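# Prediction below, plus the sequence it came from.
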Amino acid sequence: MAGVAWMWLWRPLLLLLWAASGPEAWNKGMGEPCEEHQECRSGCCVPNSLNPQRFCTAQTFFQHCSPWHKPNDYQCDHHWECQSNCCVQIGLGMMRACMPKTIFLQCVPWRKLKGDLCRSHHECLSQCCIRQVDSSPYRCTPRSGVLAQCLPQQ
């Protein structure tokens, strides 16, 4: 019974707070454009680093506004820049990009795509690095056949 009485005491106060913030406040969801924190249901409106526009984002466990993070495949320098918290070296140079995590929460390593030159199977997304003919260079090739084997294409 005491819990019900408590709810009736706080309800008018909550309605006053909501009314004071204006009818347009607290109506935008995650990812929607905003200008002020008050516009978002989460109370967090942060800038997108790739665009000066601000967007509604979630709050952390400690009720701080989560900063915007880069999605997968965007160039990065540090893990914390990425949504996945994985900034991985791509290719042989110094360039890095945001990559997803595996179900075991490990960063997925970058792999070469179909047609790229390679030296071993583990370099390729398809895990298949072969020559199409004896005189050609090794290239990443999609797996083929009933058993998805690493076979030269006919």
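Looks like it came in fine. Numbers count the residues shown, from 1 in each chain.
# This protein: strands as residue ranges?
For the chain, the strands defined by DSSP state E occupy 33-34, 45-48, 51-56, 87-89, 96-98, 129-130, 139-140.
# Now do the helices in the chain.
Remark: helices assigned in the chain by DSSP state H are 2-20.
# so where is it shaky, pLDDT-wise?
The chain contains residues with pLDDT under 70 at 1-26, 49-51, 91-92, 145-148, 151-154.
# related to what we said a few turns ago, of the strands of the chain, which approaches residue 70 most closely?
Proximity to residue 70 (CB to CB) singles out strand 96-98 among the strands of the chain, at 5.0 Å. For every residue, glycine as well, the C-beta is placed using N, CA and C.
# Show me what that closest one is packed up against.
strand 87-89 (3 or more CB pairs under 8 Å, 6 or more residues apart in numbering; DSSP states H and E).
# Give me the buried positions along the strand it packs on.
Buried residues in strand 87-89, counted by 16 or more other CB atoms under 10 Å: 87-88.
# ok now that strand, how far from the chain's centre?
Distance of strand 87-89 from its chain centroid, counting by CA atoms, centre = their mean, to the nearest Å, is 14 Å.
# Turn the strands of the chain into CSV, including distance to residue 81.
Shown next, in CSV, are the strands of the chain (distance: least, CB to CB, whole Å):
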stretch, distance to residue 81
strand 33-34, 21
strand 45-48, 12
strand 51-56, 15
strand 87-89, 6
strand 96-98, 7
strand 129-130, 31
strand 139-140, 28
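# who wins for proximity to residue 114 among those?
Taking CB to CB, strand 139-140 is the member of the strands of the chain nearest to residue 114, at 5.6 Å.
# hmm, back to that, of all the strands of the chain, which lies closest to residue 149?
With CB to CB as the criterion, residue 149 lies closest to strand 129-130 of the strands of the chain, at 10.3 Å.
# Any chance you could list what contacts that closest one?
Strand 129-130 is contacted by residues 118-121, 123, 138-141, 150-152 when judged by CB atoms under 8 Å, 6 or more residues apart in numbering.
# Parallel or antiparallel, list what pairs with that strand.
In the sheet, strand 129-130 lines up against strand 139-140 (antiparallel) (DSSP bridges).
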